[in-house]
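In: following is a predicted model, sequence given first.
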Amino acid sequence: MSETHFPLDESKLSFEIPRDEQPREKILKLGRKITDRIPAKLKGVTGDDPEYWGLAGLVTDEMADVALKMEVRKPMTLPQLVKATGKSVEELEPLLYQMSYIGLLEYNWENERHEKQYVLPMFVPGSAEFFNMQKHQIEEHPEVTAFFERMTFLPLEHIPAMVPPGGAGIGMHVIPVEKAIETENQSVDIEHISHWLKKYDGKYAASPCSCRMSRAKLGEGCGDDPEDWCIGVGDMADYLVETKKGHYVDYDEVLRILKRAEDNGFVHQITNIDGENKIFAICNCNVNVCNALRLSQMFNTPNLGRSAYVAHVTTENCVACGRCVEFCPAGAVKLGQKLCTKDGPVEYPRMEDPAVTPWGPEKWTVDYRDKNRVNCHDTGTAPCKTACPAHIAVQGYLKMAAQGRYTEALALIKKENPFPAVCGRVCNRRCEDACTRGNVDAAVAIDAVKKFIAQKDLDAATRYIPPVVPASTGEGFSEKIAIIGAGPAGLSCAFYLAEKGYKPTVFEKNARPGGMLVYGIPSYKLEKDVVDAEIEVIRAMGVDIRCGVEVGKDVTLDQLRAEGYKAFYIAIGCQGGRKAGVPGEDAEGVFTAVDFLHAVAENEHTPAAKRTVVIGGGNVAIDAARSARRCGAEEVSMFCLEAKDAMPADPEEVAEAQAEQVQLHCGWGPKEILTENGKVTGVMFKRCLSVLNAEGRFAPVYNEADTMTVACEQIILSIGQSILWGNLLEGSKVELAGGGRAAADALTYQTAQPDVFVGGDVYTGPGFAIEAIAAGKEGAVSIHRFVQPDTSLTIGRNRRDFIQLDKDNLFLTGYDSAARQEAAAPAPGLSFRDTHGTLTEEQVKTETARCLGCGASVVDPNKCIGCGICTTKCEFDAIHLSRDLPECSTMVRTEDKFKAILPYMVKRGLRLKFGKKG
């Protein structure tokens with residue numbers, strides 16, 4: 001047989017694999033004895049083989065002498081070993097303990113006399129794992145991590161497609177989440193975790209996960225705390241404790257660990273080498289590092305580990321929230337559509353079945369950890385979820401609201417957005433722009449429903465605080481993280497870090513947190529107490545917010561590093577305004593919109609001049625104009641370059657401004673600001689002929705001869721924003737891109753200074769709150785991975801790529817014909833209070849019924865491994881496990897694997913040869 005198709009790339013390792021110039025003969029023999037790799041078994045082991053260098057650093061020749069007297073997986077008592085080796089008890093017993101301590105041997109008491117026996121295990125599952133279960137051993141002998149990785153690949157690379165259902169005594173076996181099959185009346189005992197816990201009643205020990213620790217040393221860590229994820233049962237529990245690899249736990253603690261695993265989306269697996277009457281461990285596996293799950297996922301051969309169950313979606317119940325997709329370890333679930341096309345239902349592709357298809361390396365998915373995180377099929381899914389920058393489960397919270405499940409709807413929103421009340425008032429509603437219902441009559445009033453849901457929480461005596469779910473069996477993570485800027489990006493990053501079990505510190509230079517939500521958006525649109533209420537939830541999750549502290553002035557990044565901060569998220573926003581570059585703009589009475597709105601936020605009695613001109617056509621310009629009216633300006637005129645139908649401002653905002661007597665003048669740009677004695681007296685405008693060039697870039701063209709002069713005492717410039725870095729980046733390697741924005745990786749937001757990440761407007765330039773919120777969540781993902789040792793920032797990361805279904809190719813029928821519901825219009829007047837109405841509960845019921853329910857999850861049964869994690873995430877009773885593959889519960893002893901494999905190989909070969917004929 002040929003050697004591995006994918007050799008270990010040693011150049012990428014942080015350590016060198018030791019090679020002996022003269023390999024030790026006894027270690028060569030021992031490696032050959034234990035290995036399952038056929039070439040090494042037949043030809044022998046060389047000094048370059050992992051079977052040699054994986055053992056050589058830990059195993060002495062004296063240990064090898066003893067091990068060579070043993071048979072693999074044949075228990076021997078101390079007297080038997082004394083006889084076999086010729087050593088005395090006093091000499092042998094300490095040696096056997098040391099061999100067990102390093103992981104070369106394990107223990108067994110399952111015999112008639114309940115006498116302690118020593119066992120020479122297989123490499124996997126066996127000594128390769130045991131070598132990687134103590135951190136100090138990994139640090140002292142890092143080659144054992146590469147040894148483990150190779151021993152879970154090399155012996156199996158040529159046979160995965162030939163393994164029958166049940167795994168034939170190879171590796172590990174997926175066991176479903178208990179509650180996913182508790183009502184399945186066809187299930188058998190060995191398919192239930194409770195069966196195994198009862199069998200080994202009282203004999204449990206928790207130990208570190210060897211996959212998590214070893215893959216971290218290989219530079220591919222997943223960021224989990226590795227402690228206590230593996231539950232040894234029976235003899236293994238005693239072995240783990242005696243050899244200092246673990247500690248005893250009781251039944252309740254086991255259940256708590258299993259529940260924490262399910263909360264994180266980890267897969268339960270049991271050992272599968274001893275037949276149906278014995279296991280020695282229950283593992284809780286993260287697919288991004290698990291060597292056992294890699295067997296089925298990389299080789300695309302689920303038979304190597306799948307359970308007897310397959311997930312199925314009840315489409316009419318599914319709302320395409322995407323939770324099952326996000327957590328499915330096998331990438332078996334993707335988002336699709338519920339609606340029929342004009343040609344009928346969409347037919348979704350399935351992975352090829354290795355049972356009826358020739359299989360080889362060309363069928364493998366080496367980058368399965370990334371491919372399994374693809375969110376939806378190429379034909380697309382619900383436009384609302386796709387269009388939202390945070391990809392909120394819109395369809396899901398509409399359904400919950402329709403059912404009166406308001407707290408659950410809020411919890412679903414907060415999976416992606418910690419500011420639903422804020423966004424219910426100021427979001428730019430891309431979801432509504434994309435809504436399929438808009439092709440029929442009018443889009444669903446998604447934002448208004450979200451505002452109603454969030455208002456329920458604001459009015460409640462006790463607000464909903466999301467649970468903290470760390471990827472740890474402990475209480476959380478202790479690493480100190482600093483977030484600089486308490487705007488929507490920074491606070492969202494803090495929220496999601498807190499949800500992961502951190503207690504980050506937010507530094508804000510202003511007197512109160514909120515950033516532009518407080519200092520840039522007027523109260524008549526967003527009351528400050530609404531922002532404060534949602535920030536209080538973030539505080540309640542353990543986030544420390546320190547206001548009045550300017551990093552770069554009051555404290556430096558280096559000082560914070562000296563205090564123990566391990567990572568920084570810079571999200572200071574665009575707090576400066578831009579000038580127009582015209583004569584007179586430095587005169588008294590000229591303000592930027594950012595400065596004016598900030599002043600108004602601090603004091604709503606800030607006076608405005610009788611005649612005020614606002615230059616700009618965006619939402620910020622509208623805010624400045626309407627705020628000036630509320631601050632006493634009798635005449636407010638807006639001038640912008642664009643035609644009215646091309647203004648960047650929201651049409652509703654423009655209409656409300658005009659209703660408040662703001663005069664709108666389109667197609668004009670400033671030429672000169674007129675002054676007298678250093679004070680503004682007016683402004684001269686010139687006609688704008690076009691704003692964009694042929695490539696769509698900003699390049700205005702003017703008629704310099706066509707001018708207009710407007711008298712005024714105050715001018716507010718709203719033509720752009722800038723980033724006020726101050727001394728924040730002094731001494732750092734952070735690089736700046738166009739517009740003074742921080743340069744960073746587009747996926748991870750990591751800058752050239754490795755411990756500094758950025759998000760929101762400092763990275764993108766001025767944007768909307770929902771964009772900053774989405775960036776904050778991604779920043780939290782990156783920072784968690786960064787501060788955990790040797791964790792990849794990218795492997796297995798959800799890229800959050802969604803595709804919109806084709807709205808022009810739908811067959812729509814039978815939908816609710818109700819008109820779009822509108823909240824009460826704002827009360828007339830110039831108050832700074834928000835008088836916009838909120839939908840009534842009856843209106844919410846009517847409006848949510850208008851949703852067409854575009855999206856739905858789709859399961860590929862050829863990829864599903866039957867773990868049941870999807871069922872723990874679905875809150876709509878839309879996905880269940882069915883016992884479609886009972887043969888996958890066949891458990892055989894590893895010594896009998898070829899008895900199971902050979903008949904299956906023959907049958908498969910016949911199918912491949914004659915299948916087309918028959």
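Out: Now that the structure is in, tell me what you want to look at.
In: what's the neighbour count on the residue nearest to Ile465 when sequence neighbours are not counted?
Out: Among residues not flanking Ile465 along the chain, Ala540 sits closest, at 5.1 Å (C-beta to C-beta, 6 or more residues apart in numbering). For every residue, glycine as well, the C-beta is placed using N, CA and C. Residue neighbour count, defined by other C-beta atoms under 10 Å, stands at 12 for Ala540.
In: now do Ile279
Out: Neighbours of Ile279 under the rule other C-beta under 10 Å: 26.
In: kindly report the same for Cys867.
Out: Number of residues near Cys867 (other C-beta under 10 Å) recorded here: 33.
In: mind listing what the closest residue to it other than its chain neighbours touches?
Out: Excluding its sequence neighbours, the residue lying closest to Cys867 (C-beta to C-beta, 6+ apart) is Val267, at 4.6 Å. Taking C-beta atoms under 8 Å, 6 or more residues apart in numbering, we find Val267 in contact with 174, 284-287, 290, 293, 329, 865, 867, 869.
In: now do Pro522 against Leu830, distance only.
Out: 11 Å (C-beta to C-beta, to the nearest Å).
In: the more surrounded of the two?
Out: Taking neighbours as other C-beta under 10 Å, Pro522 and Leu830 compare with Pro522 leading, 19 against 14.
In: quick revisit: can you pull the phi/psi pair for the residue nearest to Cys867?
Out: Dihedral angles of Val267 (phi, psi; degrees, to the nearest 10) stand at phi -90, psi 130.
In: quick check, Glu62 in a helix?
Out: Yes. The assignment for Glu62 by DSSP: H, G, I helix; E, B strand; the rest coil puts it in a helix.
In: does it touch Leu95 like I think?
Out: Yes. Between Glu62 and Leu95 there is a contact at 6.6 Å, judged by C-beta atoms under 8 Å.
In: please report how far the residue nearest to Cys867 lies from Val662.
Out: Noted for Val267: a distance of 59 Å to Val662, by C-beta to C-beta.
In: tally of neighbours for the nearest residue to Pro470 once chain neighbours are set aside?
Out: Nearest residue to Pro470 in three dimensions, chain neighbours excluded: Gly501, at 2.8 Å (C-beta to C-beta, 6+ apart). Here the count is done by other C-beta under 10 Å, and Gly501 has 20 residues near it.
In: secondary structure class for Gly501?
Out: What three-state DSSP gives for Gly501 is coil.
In: quick one: contacts for it?
Out: With C-beta under 8 Å, 6+ apart, Gly501 has these contacts: 468-472, 475-477.
In: Ile484 too?
Out: 490, 506-507, 551, 568-572, 728.
In: swap in Ile545?
Out: Taking C-beta under 8 Å, 6+ apart, we find Ile545 in contact with 486, 494, 505-506, 508, 513, 535, 538-539.
In: helix or strand: which one has it?
Out: Assigned by DSSP states H and E, Ile545 belongs to strand 544-547.
In: tell me where the stretch 51-200 of the chain has strands.
Out: In the stretch 51-200 of the chain, the segments counted as strands under DSSP state E, counting those that start in this stretch are 76-77, 106-108, 117-119, 172-174.
In: what helices or strands is the second one leaning on?
Out: Secondary structure elements in contact with strand 106-108, counted by 3 or more C-beta pairs under 8 Å, 6 or more residues apart in numbering; DSSP states H and E, are strand 117-119, helix 235-242.
In: returning to what we had before: adding mean pLDDT, distance to Gly380 and mean neighbour count, write the strands of the stretch 51-200 of the chain out as CSV.
Out: Formatted as CSV, the strands of the stretch 51-200 of the chain follow (pLDDT from 0 to 100; distance: least, C-beta to C-beta, whole Å; neighbours: other C-beta atoms under 10 Å):
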stretch, mean pLDDT, distance to Gly380, mean neighbour count
strand 76-77, 97, 62, 18
strand 106-108, 96, 51, 21
strand 117-119, 97, 54, 22
strand 172-174, 96, 30, 27
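In: may I see these arranged in JSON lines, with distance to Glu143 as well?
Out: Formatted as JSON lines, those follow (distance: least, C-beta to C-beta, whole Å):
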{"stretch": "strand 76-77", "distance to Glu143": "28"}
{"stretch": "strand 106-108", "distance to Glu143": "21"}
{"stretch": "strand 117-119", "distance to Glu143": "24"}
{"stretch": "strand 172-174", "distance to Glu143": "23"}
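In: count of neighbours near the residue lying closest to Val325 once chain neighbours are set aside?
Out: Leaving aside its sequence neighbours, Val325 sits nearest to Val333 (C-beta to C-beta, 6+ apart; 5.0 Å). Val333 has 26 neighbours, counted by other C-beta under 10 Å.
In: who's in contact with Val333?
Out: Neighbouring residues of Val333 by C-beta under 8 Å, 6+ apart: 311, 313, 324-325, 857-860, 864, 870, 879.
In: circling back to that earlier point, who touches both of Pro522 and Leu830?
Out: Residues touching both Pro522 and Leu830 by C-beta under 8 Å, 6+ apart: Arg630.
In: re the thing from before, just the buried positions in the strand holding Ile545, please.
Out: Neighbour counts using 16 or more other C-beta atoms under 10 Å place Ile545 of strand 544-547 among the buried residues.
In: after it, which helix or strand is next?
Out: helix 557-562.
In: now do that next one: everything it contacts.
Out: With C-beta under 8 Å, 6+ apart as the test, helix 557-562 has contacts from 482, 551, 568, 728, 731-732, 755-756.
In: do the same with stretch 632-649
Out: Outside stretch 632-649, the residues that reach it (C-beta under 8 Å, 6+ apart) are 607-619, 621-622, 625, 628-629, 654, 657, 661-670, 685, 688, 691, 700, 710, 712, 714.
In: quote the end-to-end distance of it.
Out: 23 Å (C-alpha to C-alpha, to the nearest Å).
In: for that stretch, buried residues please.
Out: Within stretch 632-649, the residues that qualify as buried are 633, 635-642, 647, 649, counting by 16+ other C-beta under 10 Å.
In: now do stretch 90-108
Out: Residues of stretch 90-108 classed as buried: 92, 95-96, 98-108 (neighbour count, 16+ other C-beta under 10 Å).
In: cool, stretch 660-679 as well?
Out: Buried, per 16+ other C-beta under 10 Å, within stretch 660-679: 660, 662, 664, 666-675.
In: send the alpha carbons of it over as PDB?
Out: Taking Å, rounded to 0.1, in the frame of the first residue of the first chain, the C-alpha atoms of stretch 660-679 are listed here in PDB:
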ATOM      1  CA  GLU A 660     -41.200  70.200  11.000                       C
ATOM      2  CA  GLN A 661     -40.600  73.100   8.500                       C
ATOM      3  CA  VAL A 662     -37.100  72.200   7.500                       C
ATOM      4  CA  GLN A 663     -36.600  73.600   4.000                       C
ATOM      5  CA  LEU A 664     -34.900  71.200   1.600                       C
ATOM      6  CA  HIS A 665     -32.800  72.300  -1.300                       C
ATOM      7  CA  CYS A 666     -31.300  69.600  -3.500                       C
ATOM      8  CA  GLY A 667     -28.600  69.900  -6.100                       C
ATOM      9  CA  TRP A 668     -26.400  72.600  -4.400                       C
ATOM     10  CA  GLY A 669     -22.900  72.500  -2.900                       C
ATOM     11  CA  PRO A 670     -21.100  75.100  -0.800                       C
ATOM     12  CA  LYS A 671     -18.800  77.500  -2.600                       C
ATOM     13  CA  GLU A 672     -17.900  80.000   0.100                       C
ATOM     14  CA  ILE A 673     -19.000  80.800   3.700                       C
ATOM     15  CA  LEU A 674     -19.600  84.500   4.100                       C
ATOM     16  CA  THR A 675     -18.400  86.200   7.200                       C
ATOM     17  CA  GLU A 676     -18.200  89.500   8.900                       C
ATOM     18  CA  ASN A 677     -15.900  90.200  11.900                       C
ATOM     19  CA  GLY A 678     -15.100  86.500  12.000                       C
ATOM     20  CA  LYS A 679     -18.700  85.500  12.300                       C
END
